[in-house]
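Colleague: fold the following.
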Amino acid sequence: MTAFTRTPFGELVGQNEQVRAILSQAKALASQAAAKRKIPTAHDGMQWERINSRIGNKKIGSALHHEIYDLSADGRHVLLCCRSVEGSKYGIKTTSKQYFILHKHGTGVRVEEANKNIAAKAAKQAGDGIGLALDILAGKAKLTSNAEIRKGFKIVTRDDMGNLVSVWDGSAWPIGKRRGEKATDTHDGGFYYYRTVEQAIEAARCKGVFQPAMHEQLLVLLEVEASGTEYSLSDGKLCTTYLKPLAVVAEPIL
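Modeller: Below you'll find the model as predicted:
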């Protein structure tokens, strides 16, 4: 089964009508389980509110989303994430996640709680495919270790002394030194990088945070080594727990 992609939080999204119909059936199974009070009921109490002229409009309130993280090819088995969120003037943040495996059973549904740590990692490992996360949770497939080393590329700049530093916060990124910070899928932890050179360069062209340094030809493209927990965000950006610069690939980038 193909034509699936994932949101930055891990939810499966369909790329054609047929696949979207399969996901709709999976969500209907979740609604059936919620109606029987076997899982939390989805709701959306978010409303747009104007904060002030500087911040503008923000979604304020709380919600709980039913998100499909995996499903079997026949749609009878579903890995569901119940994700609670809160919105404030500072933005929307995830407050909790619960994972359940739903099994279609005749005209009803059987529910079992899934291990949170394994479910999240299994869904990440599954990528754009389906079935693997369910197999991992059932012990039919192996969960990849977080110790696995991955290669990629990061965009940095140079300070007045010529040191490699973050474009975002000015923190140091010296070659050969690994940095660590717990990665999250809510943009409040971990380090960012890109899987390919092309994705990194496209980010430099399009994302506002890079524009001032790009115009001054101060952007530097690094090859990096990533490990630990990792989340896929939008536009090819990845968030990882450990990141080590290996070498300068290009300077300036554009």
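
Colleague: tell me which residues in stretch 55-73 are buried?
Modeller: Neighbour counts over stretch 55-73 (16 or more other C-beta atoms under 10 Å) mark 58-60, 63-72 as buried. The way it works is simple: take the backbone N, C-alpha and C, and place the C-beta from them, glycine included.

Colleague: how about stretch 98-111?
Modeller: Going by 16+ other C-beta under 10 Å, stretch 98-111 has these buried residues: 98-102, 104, 109, 111.

Colleague: identify the farthest-apart pair in the residues you listed.
Modeller: Using C-beta to C-beta, the buried residues of stretch 98-111 span at most 19.8 Å, a distance reached by Gln98 and Lys104.

Colleague: between the buried residues of stretch 98-111, which sits nearest Cys82?
Modeller: When the buried residues of stretch 98-111 are compared for distance to Cys82 (C-beta to C-beta), Gln98 wins out at 4.5 Å.

Colleague: residue boundaries of the strands in this structure?
Modeller: When secondary structure is read from DSSP state E, the chain shows strands at 4-6, 12-14, 43-44, 47-52, 56-71, 77-88, 91-105, 108-113, 150-158, 164-165, 179-180, 191-194, 220-232, 237-250.

Colleague: got these as TSV, with distance to Leu132 columns?
Modeller: Formatted as TSV, the entries for those read as follows, by distance: least, C-beta to C-beta, whole Å:
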stretch	distance to Leu132
strand 4-6	12
strand 12-14	12
strand 43-44	30
strand 47-52	38
strand 56-71	7
strand 77-88	10
strand 91-105	14
strand 108-113	18
strand 150-158	18
strand 164-165	37
strand 179-180	28
strand 191-194	24
strand 220-232	15
strand 237-250	19
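
Colleague: and those as TSV, adding distance to Glu202 and mean pLDDT?
Modeller: Conversion of the strands of the chain to TSV gives the following (distance: least, C-beta to C-beta, whole Å; pLDDT from 0 to 100):
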stretch	distance to Glu202	mean pLDDT
strand 4-6	17	80
strand 12-14	21	86
strand 43-44	33	96
strand 47-52	31	88
strand 56-71	27	93
strand 77-88	29	95
strand 91-105	24	93
strand 108-113	40	96
strand 150-158	11	92
strand 164-165	21	94
strand 179-180	24	91
strand 191-194	9	93
strand 220-232	12	89
strand 237-250	10	92
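
Colleague: related to what we said a few turns ago, so which of the buried residues of stretch 55-73 is the closest to Ser24?
Modeller: When the buried residues of stretch 55-73 are compared for distance to Ser24 (C-beta to C-beta), Ile68 wins out at 9.6 Å.

Colleague: just give me the neighbour total for Val248.
Modeller: 13 (other C-beta atoms under 10 Å).

Colleague: same deal with Leu23?
Modeller: If we define neighbours as other C-beta under 10 Å, then Leu23 has 19 of them.

Colleague: wait, it sits on Leu12?
Modeller: Yes - taking contacts as C-beta atoms under 8 Å, Leu23 lies within contact range of Leu12: 6.3 Å.

Colleague: who touches both of the two?
Modeller: 68, 71 (C-beta atoms under 8 Å, 6 or more residues apart in numbering).

Colleague: circling back: just give me the closest of the buried residues of stretch 98-111 to Leu134.
Modeller: Proximity of those to Leu134 was ranked by C-beta to C-beta; the top entry is Ile101 with 7.1 Å.
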